[in-house]
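> got a predicted model here, sequence first, then my questions.
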Amino acid sequence: MLAIIIPCYNEEVRFPKHEFLRFLKSDNFQNIHFYLANDGSMDQTSSLLYELHNQFSETFFVIDNQVNKGKAETIRCAFIDLYAKNQYEWFAYLDADFATHPKELINIFNISNSKQGVKMAMGARWLHLGSEIVRDSKRHYFGRVFATIASTMLGLKVYDTQCGAKVIHKDYVKIIKDEPFISKWIFDVEIFARIINAVGPQLAAKTIIEVPLQKWEDVDGSKIKLKDLLVLPLELFKIKSHYKL
């Protein structure tokens, strides 16, 4: 089974409720559970999530954090709680704005589940013929520079560390979940670092795959501003030093 975690912080306006409802009604998700984690929102996000739960009580569940923990810690704590259920073989997380549509995440899961030896699969925002990848140009070029530096630091040929759609096998969730992340903004890179430290770079390279997305679009209202990107080099240095990469 697959548990999909969607962290939500003040998403009352941005959350694509009607689109999500259409998606939920489009198929019978017998082997997939959705966990929407309210991260101490100060608007009506919690009410929105419980409203959805009432309509899809067997598929859709709410994790209601009363205190804001941040995206990284919200996902990590959800990993801990859901791993303890001993019910799921695969775990995933997805951004609440659906810049990556849940259909894309399901496709990533199906690919990872069908390939022997894969322990982690993630979306890659690669603009190619046949795709619809719409990105802000400044963020795109900054992202390419960042991804190149992160890839070099990790020693892995990663195209897109920061895409908010990842599927992770329980074997790697076990490695990831126990210690708080030291990075607030780029915990995705830290996930790679923990896996590399645990299994080595060669096995990590064999068990992690990227899946090019067919559709992705920047959504207005991102909580990460361009000025926040200036702290990323320091965050990378902290990760490199802490995990002795």
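Ah, there it is. Bear in mind that the values here come from a model prediction, so they are computed numbers and not experimental data. Residues are numbered from 1 along each chain as shown.

> burial measure for the closest residue to Lys17 other than its chain neighbours, as a count.
Of all residues not flanking Lys17 in the chain, Leu48 sits nearest, at 6.7 Å (Cβ to Cβ, 6 or more residues apart in numbering). All C-beta atoms are positioned from the backbone trio N, CA, C, and that covers glycine. When neighbours are counted by other Cβ atoms under 10 Å, Leu48 registers 20.

> run through who's touching whichever strand or helix holds Leu48.
Leu48 is part of helix 45-55, with elements assigned from DSSP states H and E. Here helix 45-55 makes contact (Cβ atoms under 8 Å, 6 or more residues apart in numbering) with 8-12, 15, 17, 20-21, 36, 38, 60-62, 64.

> any buried residues in it, and which?
Using 16 or more other Cβ atoms under 10 Å as the burial criterion, the residues of helix 45-55 that qualify are Thr45, Ser46, Leu48, Leu49, Leu52, His53.

> so in that sheet, which strands flank the helix or strand just after it, and in what orientation?
Heading C-terminal from helix 45-55, the first helix or strand you meet, by DSSP H and E, is strand 60-65. Next to strand 60-65 in the sheet, as set by DSSP bridges, lie strand 32-39 (parallel).

> flag every buried residue along the lengthiest helix in the chain.
When the chain is scanned for its longest helix (criterion: DSSP state H), the result is helix 137-154. Neighbour counts over helix 137-154 (16+ other Cβ under 10 Å) mark Arg139, Gly143, Phe146, Ala147, Ala150, Ser151, Met153, Leu154 as buried.

> so what secondary structure elements neighbour it?
Using 3 or more Cβ pairs under 8 Å, 6 or more residues apart in numbering; DSSP states H and E, the elements in contact with helix 137-154 are helix 187-199, helix 232-242.
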